[in-house]
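*Asks:* fold the following and give me the result.
(one chain, ligands or ions: 1)
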Amino acid sequence: GNNSPEYGMLYDYLDFMTSLAWRKEAPEKIDLKEAEAVLDREHFGLEKIKRRIIQQIAVMNLKKQQSGSILLFVGAPGTGKTSIGKSIADALHRKYVRVSLGGVRDEADIRGHRRTYIGAMPGRIMDGIKKSGVSNPVMVLDEVDKLSSSYNGDPASALLEVLDPEQNSTFTDHYMNVPYDLSDVLFVCTANTMDTIPEPLLDRMEVIRFSGYSASDKLQIAKKHLLPKAMESMGITKDMLEVPDPTIEEIISGYTMESGVRGLKNRLDTLCRSVAVHVEQDDDKKVTVLPEDLSELLDMQPIRHGRKLTETKPGIVTGLAWTSAGGEILFIETLFTKGQGKTIITGQLGDVMKESAQIAISIVKSMFPEKEKLFEENDLHIHVPEGAVPKDGPSAGITLTTALASLVTGKKVDPTVGMTGEVSLRGVVTAIGGLPEKLMAAARAGLKTIYIPEENIRDLKDVPQEVKDQLQIIGVKEVSDVLKANNILDA
Ligand code: ADP
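*Replies:* Numbering: from 1, shown residues only. Coordinates of the predicted model:
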């Protein structure tokens, strides 16, 4: 009978199989100038990234292929990774489909369940193919850094097979149980961080970094893209609403704290929604939004820029951190309390950062042998406030060492000074990651002087000029360079 479970399962299966596109599409030769125009139309800036995409399209044209290197877009949320994936599809005149891999724990999420399993379903890849309606979509695999493995097989190795040009022409989803040719799919992956992506997957992809936007980039993105879109989606026209530049700048600096523009987009959406009410109530009056109107229209308090230290004590130094949400400044606080030489570390530091703290202690003891007694007669407390921000990685080494040196000598460090760098036991400062994000955060927070590892000076080419103009950036080889420049050590 047609209400038996077998009937339903078979129906679903056949429905799925027949809704897939089985026909191969002929590769289309893409006009590079036109493709460039499409990328420029939807996205401000991102020049290097657009150039790389155009190169990829040129190669695909030459080889008459529909896919090529697998690009991995890495960067903070809201930096345009997903949305440029959509533009790639537009530039190629191909269908776009987005598949989220966040929270995938099970191999079956990628490769499907066998039909003998109750509630069997195809995996997310084939589900995406079905949604696209074609065999050659541009498929954006979002959040590859959020794949986790569990006892139910290894989703990463299933994904490896999906991305491998040697194997993916005969990809077999367990639910379908017949091979499907994925070789014409153009895969683009996105991630907030590379740290959690399994090495074999990473080897297969070409990493492209989205380092975030400066305040003036954000102003342009808001004016050219985010605000017009928000207005259009709420039926607000130009003769109803004016948002002058200083207002947008105030939203950026006073109502968001981010490398990307996701918060900015949300604020502008909220603003338009609030304005819609005003326009409705007294028509034919044009609303001009001034910075002082924002708190009410956005229904929030401006973010206090009290984040920057205004006054400081010996033992406190500002560092720069890099999390998957972008750059941030953080404060390292050190304090001696009566005790017997214990070290107390608080603020939820990761193991690597705790090791940096131990290294900092050893360096400072050997640099200031006359202060050794302080460590014996007191407990040393190291704290990094704001427990919610995960804090790890070696790049706070220089900040920890400077904070401790400041503590033992009683000499303060200027609160507008920030620093980042890994430090070896011999006091040598070595390179760190995330420099653009860190410097943007420093500029946002109003810092003035930043010490970075000499080895990272070459990465300054990736930092927006505007950020470089705002900061005095000094490359250092040894931690003693920082201590001398800040009068903690005699020059
Ligand atoms: P991500 O995938 O990096 O988290 P999204 O692609 O979702 O970020 O971007 C968030 C929003 O910001 C989208 O609406 C996107 O169109 C917009 N956006 C990001 N970067 C740009 C840019 N350079 N130009 C125009 N809009 C942008």
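*Asks:* dump the residue contacts of the closest residue to residue 187 other than its chain neighbours.
*Replies:* Of all residues not flanking residue 187 in the chain, residue 70 sits nearest, at 5.0 Å (Cβ to Cβ, 6 or more residues apart in numbering). In this view, the C-beta of every residue, glycine as well, is placed from N, C-alpha and C. Under the criterion of Cβ atoms under 8 Å, 6 or more residues apart in numbering, the contact list for residue 70 reads 163, 187-189, 204-206.
*Asks:* the ligand versus residue 70, what's the distance?
*Replies:* 17 Å (Cβ to the nearest ligand atom, to the nearest Å).
*Asks:* quick one: is stretch 210-225 near the ligand?
*Replies:* Yes: Stretch 210-225 reaches the ligand (Cβ under 6 Å from any ligand atom) through 221, 225.
*Asks:* partners of the residue nearest to residue 187 in the sheet?
*Replies:* Beta-bridge pairing of residue 70 under DSSP bridges involves residue 205.
*Asks:* distance-wise, check it relative to residue 101.
*Replies:* Between residue 70 and residue 101 the distance is 14 Å, computed by Cβ to Cβ, to the nearest Å.
*Asks:* over to residue 444?
*Replies:* Distance of residue 444 to residue 101, given as Cβ to Cβ: 31 Å.
*Asks:* next one: residue 405
*Replies:* Separation of residue 405 from residue 101 (Cβ to Cβ): 45 Å.
*Asks:* buried ones in stretch 427-442?
*Replies:* Residues of stretch 427-442 classed as buried by neighbour count (16 or more other Cβ atoms under 10 Å): 427-442.
*Asks:* no wait, stretch 223-234
*Replies:* Neighbour-count burial for stretch 223-234, counted by 16+ other Cβ under 10 Å, picks out 225-227, 230-231.
*Asks:* same check, this time on stretch 134-151
*Replies:* By 16+ other Cβ under 10 Å, the buried positions in stretch 134-151 come out as 134-147.
*Asks:* ok, now stretch 350-370?
*Replies:* Using 16+ other Cβ under 10 Å as the burial criterion, the residues of stretch 350-370 that qualify are 353, 356-357, 359-361, 363-364, 367-368.
*Asks:* likewise for stretch 478-491?
*Replies:* Residues of stretch 478-491 classed as buried by neighbour count (16+ other Cβ under 10 Å): 478-483, 486, 488-489.
*Asks:* closest to the ligand out of the residues you listed?
*Replies:* Distance ranking of these against the ligand, using Cβ to the nearest ligand atom, places residue 482 first at 34.0 Å.
*Asks:* tell me who's in contact with that closest one.
*Replies:* With Cβ under 8 Å, 6+ apart as the criterion, the residues that contact residue 482 are 398, 402, 419, 451, 476.
*Asks:* that one: which element?
*Replies:* Using DSSP states H and E, residue 482 maps to helix 479-485.
*Asks:* quick one: residue 348 from the ligand, how far?
*Replies:* Using Cβ to the nearest ligand atom, one gets 25 Å for the distance from residue 348 to the ligand.
*Asks:* give me the pLDDT value at that residue.
*Replies:* Note for residue 348: predicted pLDDT of 77.
*Asks:* residue 115 now?
*Replies:* 82.
*Asks:* and it, that's in a helix?
*Replies:* No: using DSSP: H, G, I helix; E, B strand; the rest coil, the assignment for residue 115 is coil, not a helix.
*Asks:* give me the mean pLDDT for stretch 460-476.
*Replies:* If you average the pLDDT over stretch 460-476, you get 92.
*Asks:* which outside residues touch that stretch?
*Replies:* Counting by Cβ under 8 Å, 6+ apart, the neighbours of stretch 460-476 from elsewhere in the structure are 209, 211, 213-217, 398, 421, 429, 435-436, 439-440, 442-443, 447-454, 456-457, 482, 485.
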